[in-house]
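1. Fold the following for me, if possible:
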Amino acid sequence: MVRLLIADDHDVVRSGLRSILEDRPGWSVVAEAADGKQAILKSITEKPDIAILDYSLPLINGIEATRQIRLRAPSVEVLIFTMHDNETLLRELLRAGARGYLLKSDAERYLFSAVEALVAHKPFFTDRASETLLDTFLRSKHKDDVLTSRERGIVQLVAEGHSNKEIASVLNISIKTVETHRAAVMRKLNLTSSAALVRYAVRNKIVEP
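-> Here you go, the predicted model:
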């Protein structure tokens with residue numbers, strides 16, 4: 001038996017979803033919620049396999065509801081079911097612990113597939129959401145490419161334990177130039193300490209650990 005919770009502030013949406021989902025043999029809607037607080041409490045008490053949450057829930061929105069459900073009822077997988085097609089929202093929901101993201105406009109095509117994926121503890125995203133995630137990933141990758149070759153060289157020398165004076169000597173530049181490059185690197189990478197810079201260098205294979 002697949003146990004489901006539906007959270008949406010519109011009665012007609014909950015009723016429609018219940019009718020569709022319970023038409024599937026072995027699936028049962030064990031709880032409904034009209035706001036985020038109810039969604040959290042009923043996820044804890046009813047322990048559904050899947051919580052299907054609208055993002056725009058009253059009292060507690062879908063992001064915080066997802067975070068609380070994953071924290072307080074970790075066995076419950078969360079599928080966000082929303083009309084909002086928004087990259088920032090998608091990223092925030094993933095950070096909160098949602099494993100699936102389905103637009104209401106895509107429900108007819110993908111609702112069963114989405115629930116089946118989450119029942120198997122696999123993520124589910126439509127092609128459109130997957131493309132958004134890929135674009136975000138590629139842009140984040142490019143952030144590592146914002147360093148010039150000279151800056152990457154300085155990062156390597158810093159990570160290897162060289163002082164500014166030693167780096168200036170190795171690269172045949174002034175200490176002031178080294179300091180300028182280091183400050184630029186820290187600003188570009190949003191780092192605040194030499195230790196963080198070393199971790200960055202190891203993580204991005206600029207030096208070997």
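
2. Break down the protein into its strands, ranges please.
-> 2-7, 27-33, 50-53, 77-82, 100-103, 124-125 (DSSP state E).

3. which strands and helices sit next to the last one?
-> Under the contact criterion of 3 or more CB pairs under 8 Å, 6 or more residues apart in numbering; DSSP states H and E, strand 124-125 touches strand 100-103, helix 107-119. Every C-beta, even on glycine, is put in place using the N, C-alpha and C of the backbone.

4. how does it look with 10 Å?
-> Contacts defined by 3 or more CB pairs under 10 Å, 6 or more residues apart in numbering; DSSP states H and E place strand 124-125 against strand 100-103, helix 107-119, helix 127-143.

5. gap between that strand and the chain center?
-> The chain centroid and the centroid of strand 124-125 are separated by 13 Å, computed with CA atoms, centre = their mean, to the nearest Å.

6. Likewise for the fourth one?
-> Mean-position distance between strand 77-82 and its chain equals 13 Å (CA atoms, centre = their mean).

7. Please identify the pairing partners of it and their relative orientation?
-> Strand pairing for strand 77-82, using DSSP bridges, gives strand 50-53 (parallel), strand 100-103 (parallel).

8. lowest-confidence helix or strand of this protein?
-> For the chain, counting by mean pLDDT, DSSP states H and E, helix 127-143 ranks last in confidence among helices and strands (a mean of 62).

9. can you list the strands of the chain in a markdown table and add mean pLDDT?
-> Listed next are those as a markdown table, based on pLDDT from 0 to 100:
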| stretch | mean pLDDT |
| --- | --- |
| strand 2-7 | 98 |
| strand 27-33 | 98 |
| strand 50-53 | 98 |
| strand 77-82 | 94 |
| strand 100-103 | 91 |
| strand 124-125 | 89 |
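
10. Pick the most deeply packed of the ones you listed.
-> Looking across those with neighbours counted as mean count of other CB atoms under 10 Å, the highest average goes to strand 50-53: a mean of 28.

11. Could I get the strands paired with strand 77-82 in TSV, plus columns for distance to Val2?
-> Formatted as TSV, these follow (distance: least, CB to CB, whole Å):
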stretch	distance to Val2
strand 50-53	7
strand 100-103	14
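
12. Please identify which of the ones you listed is closest to His162.
-> Ranking those by their distance to His162 (criterion: CB to CB) puts strand 100-103 first, at 46.1 Å.

13. who touches the closest one?
-> Under the criterion CB atoms under 10 Å, 6 or more residues apart in numbering, residues 50, 52, 55, 77-85, 89-90, 93-94, 109-111, 113-115, 117-118, 122-126, 128-130, 132-133 lie in contact with strand 100-103.

14. Domain boundaries for this structure, per the record?
-> Domains of the chain are assigned by automatic domain parsing as 2-126, 146-203.
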